[in-house]
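*Asks:* Any chance you could fold what I've pasted below:
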Amino acid sequence: MTRIQDRKVVGILALQGAFIEHQIALQKIPSARKINVSLVRTPEDLAKCDALIIPGGESTTIALLAKLAGLLEPLRQFSKTKPIWGTCAGAILLAQVVENTKRGGQELLGGISVTVARNGWGSQVESFEAPLTVADLDDPEKPFTGVFIRAPVILALHPTPDAPPIEVVARLPLGSDPVSQTTHLQTGPEDPRIIVAVRQGKHLLTTFHPELTTDGRFHEYFAKNCIFSSHSV
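*Replies:* Presented below is the predicted three-dimensional model:
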């Protein structure tokens with residue numbers, strides 16, 4: 001049994017969005033015995049964490065509330081040394097560049113070298129689910145249900161020599177997506193499927209909502225490949 005003092009503290013940014021769903025999911029995964037879950041609302045909460053999840057919700061609202069709480073700059077510093085997973089709205093905040101922002105722009109953390117577009121599939125009525133085959137998940141032959149709600153779309157990857165490589169974690173099956181409101185990222189004729197999840201070092205970005213399913217395999221993936229891995233940030 002892992003001693004309490006040896007456990008990693010995984011924070012969930014709890015300003016707006018589906019943070020409770022992430023908390024419930026983390027408490028059910030195999031690695032739960034090695035982590036303590038903490039809801040983060042202040043810089044003091046964040047300072048106690050070894051890793052962080054930024055949930056789905058409304059990215060502009062989360063950024064505004066983080067700024068009012070004095071969390072924006074601490075979050076940016078946190079992203080330089082510790083693992084972060086952004087889901088949907090959290091993925092927008094974790095991106096380097098965002099298109100289709102609201103008037104006035106969008107505060108970002110910039111932890112992953114990608115460009116994304118907000119609401120890339122359109123409005124709430126264009127939300128959809130799709131079966132994702134992810135080789136690095138436990139039981140990879142079992143599809144993972146991707147829940148896309150006003151989801152962002154990854155438009156471009158920006159690998160650089162001085163940053164960890166960007167690993168494509170999941171792609172959308174051909175024909176499973178609705179008509180997009182923006183231009184999709186296409187990586188070439190060898191694999192035209194749209195990228196919906198990437199990892200760079202210890203950071204993970206998913207444009208969908210794993211926390212809105214009962215399948216905890218993406219939470220376990222974050223634990224194994226980001227929190228407890230030897231990868232650099």
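*Asks:* can you pull the contacts of L15?
*Replies:* With contacts defined as Cβ atoms under 8 Å, 6 or more residues apart in numbering, L15 is in contact with 41, 61-62, 65-66, 69, 71. C-beta: built from backbone N, CA, C; applies to glycine.
*Asks:* Distance of it relative to L93?
*Replies:* Distance, L15 to L93, by Cβ to Cβ, to the nearest Å: 11 Å.
*Asks:* Give me the common contacts of these two.
*Replies:* Contacts common to L15 and L93, judged by Cβ under 8 Å, 6+ apart, are I62.
*Asks:* Isn't K67 up against E107?
*Replies:* Yes. Counting by Cβ atoms under 8 Å, K67 touches E107, with 6.4 Å between them.
*Asks:* who has more neighbours, these two?
*Replies:* More crowded of K67 and E107, by other Cβ atoms under 10 Å: E107, with 19 against 13.
*Asks:* Touching, the more buried one and A66? I think so.
*Replies:* Yes. Counting by Cβ under 8 Å, E107 touches A66, with 7.5 Å between them.
*Asks:* Name the nearest residue to S229, sequence neighbours excluded.
*Replies:* Spatially, and ignoring its direct neighbours in sequence, S229 is nearest to K202 (6.6 Å; Cβ to Cβ, 6 or more residues apart in numbering).
*Asks:* measure the one you found to I195 for me?
*Replies:* K202 sits 19 Å away from I195, going by Cβ to Cβ.
*Asks:* Check A135 too.
*Replies:* According to Cβ to Cβ, A135 stands 14 Å off from I195.
*Asks:* what ranges do the helices span in this protein?
*Replies:* Per DSSP state H, the chain carries helices over the ranges 19-26, 43-47, 59-68, 72-79, 89-94, 217-222.
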